[in-house]
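S.K.: predicted model, plus sequence, below.
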Amino acid sequence: MSSVTNDVPSSDDKEKQTFTSSSIGTSPSLRPFPASRRPAQRSLRPSPPRVYHRDPFLPSPVDLESSKVTSPKDKPSFSSTKTFWVVLYFCFNLGLTLYNKGVLVSFPFPYTLTAIHAFFGTLGGVILLGNGSFHTVALTGPETLLIVAFSVLYSVNIVVSNISLHLVTIPFHQVIRAATPVFTIMFSSIMFGQHSSYMKRVSLIPVVLGVGFATYGDYYYTAWGFVLTLLGTVLASLKTIFTHVLQSPRTASSPTWRPQLPSLTLLYLLSPLAFIECVLLAFFTGELRDVRQYGIALAANGCIALGLNIVSFTANRQVGALGMTVAANVKQVLTIVLAVLIFDLSISFTNAIGILLTLAGGVWYAYVEIVERKKDRDDVNAHQ
């Protein structure tokens with residue numbers, strides 16, 4: 001604020017005074033005197049600049065943030081968009097699935113395979129930490145316990161899924177797993193108060209039904225197989241939700257024991273724990289005795305899995321838990337399509353209808369997501 005002197009006001013001072021008077025508006029308490037009632041000007045000393053008009057014209061923090069996003073200069077690059085990370089997720093996931101099909105063929109060592117994925121995740125995390133790609137964070141005792149619990153959820157999900165596959169047929173297993181988005185909506189609402197729109201919920205119908213038709217075949221299951229498959233679906237949903245929650249910004253209502261971790265930091269902390277747990281599982285189930293002959297093939301598999309883990313965690317943070325479950329269902333159908341094209345397999349008319357339904361549902365969900373995001377931006381801009 002400029003100091004007050006006895007000099008004649010400059011043109012800049014006059015402009016400031018004129019702006020001050022005009023920006024007051026028609027507020028009764030701030031309306032200037034009529035010309036007939038104004039007191040005579042006794043000196044040329046300018047009155048102190050008025051500052052009370054400035055606050056109402058400052059945008060709110062939300063408006064400032066919105067203006068940054070909508071400014072052409074600050075628009076995010078394509079590599080930071082949701083589309084980029086979802087496409088990468090499809091590429092790595094489909095690549096890993098087809099690699100396992102073409103190279104490993106039948107690899108009956110699920111715990112060892114997961115342990116290798118976790119080992120390469122640990123190795124990649126150490127390398128990325130060393131070159132400064134991310135930084136570690138100091139965790140409190142409760143936060144550390146939460147990460148350990150999350151790693152146990154990660155491992156138990158694999159165990160339950162593999163046990164259930166021995167008790168049900170693969171088509172039945174895939175149909176039950178297709179209901180993961182339904183559980184994601186339910187748990188997100190109950191545990192965190194996050195509600196999905198009506199159109200999003202409707203768009204899930206062709207996705208779930210499509211997977212059922214696409215994997216239609218020999219449906220057989222035991223009572224325990226059904227229970228364990230359903231439990232595995234619930235665990236998969238919870239794993240996806242907590243992967244997103246642990247990377248989401250904290251709010252005023254967030255518990256103190258919930259950390260906010262970048263994708264690479266979460267992968268760096270989780271991988272060693274998952275590696276230890278899965279090695280123990282592989283040891284006690286006898287897998288480690290018969291796995292040595294797959295050395296080089298498993299190393300390449302681990303490298304692809306490292307890329308998939310990095311992309312998957314980042315995509316989960318960008319897209320959200322529900323979006324990732326929809327992407328997983330679409331990926332499942334795309335795997336069938338590529339398997340038909342590459343390995344010369346045949347599908348029935350029912351399977352083809354299911355593939356089209358799932359793909360259409362995925363496109364519909366993406367369209368609803370884009371429309372709702374645009375509406376949110378427009379609502380923020382309207383309040384500026």
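M.R.: All right, it came through fine. Numbering: from 1, shown residues only.

S.K.: dihedrals phi and psi, Tyr221?
M.R.: Tyr221 adopts backbone torsions of phi -160, psi 150, taken as degrees, to the nearest 10.

S.K.: any idea how many residues pack against the nearest residue to it once chain neighbours are set aside?
M.R.: Of all residues not flanking Tyr221 in the chain, Val168 sits nearest, at 4.0 Å (C-beta to C-beta, 6 or more residues apart in numbering). C-beta: built from backbone N, CA, C; applies to glycine. Residues lying near Val168 (other C-beta atoms under 10 Å) number 21.

S.K.: who touches Val168 in this structure?
M.R.: Residues in contact with Val168 (C-beta atoms under 8 Å, 6 or more residues apart in numbering) are 176, 220-222, 225-226, 229.

S.K.: so which of those is the most crowded?
M.R.: Thr229 (23 neighbours).

S.K.: would you check that that one makes contact with Gln174?
M.R.: No - look at Thr229 against Gln174 with C-beta atoms under 8 Å: they stay out of range, at 9.7 Å.

S.K.: list the helices and strands the helix or strand hosting Val326 packs on?
M.R.: Secondary structure assignment for Val326, by DSSP states H and E: helix 321-343. Packing partners of helix 321-343 (3 or more C-beta pairs under 8 Å, 6 or more residues apart in numbering; DSSP states H and E): helix 82-99, helix 180-192, helix 198-214, helix 223-245, helix 295-319, helix 349-382.

S.K.: quick one: closest of these to Ala252.
M.R.: helix 180-192 (14.0 Å; C-beta to C-beta).

S.K.: next, the buried residues of that closest one.
M.R.: Neighbour counts over helix 180-192 (16 or more other C-beta atoms under 10 Å) mark 180-185, 187-188 as buried.

S.K.: out of those residues, who's nearest Thr83?
M.R.: Pro181 (19.5 Å).

S.K.: hang on, the earlier thing: would a markdown table of the contacts of Val168 with pLDDT and distance to Ala274 be doable?
M.R.: Shown next, in a markdown table, are the contacts of Val168 (pLDDT from 0 to 100; distance: C-beta to C-beta, whole Å):
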| residue | pLDDT | distance to Ala274 |
| --- | --- | --- |
| Ile176 | 85 | 24 |
| Tyr220 | 79 | 32 |
| Tyr221 | 82 | 29 |
| Thr222 | 87 | 29 |
| Gly225 | 88 | 25 |
| Phe226 | 90 | 27 |
| Thr229 | 89 | 22 |
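
S.K.: so which of those residues comes closest to Val211?
M.R.: Distances from Val211 to the contacts of Val168, taken by C-beta to C-beta, are shortest for Ile176, at 9.8 Å.

S.K.: you'd agree the closest one is up against Leu231?
M.R.: No - look at Ile176 against Leu231 with C-beta under 8 Å: they stay out of range, at 10.0 Å.

S.K.: relative to Phe192, which of the contacts of Val168 is nearest.
M.R.: Ile176 (24.2 Å).
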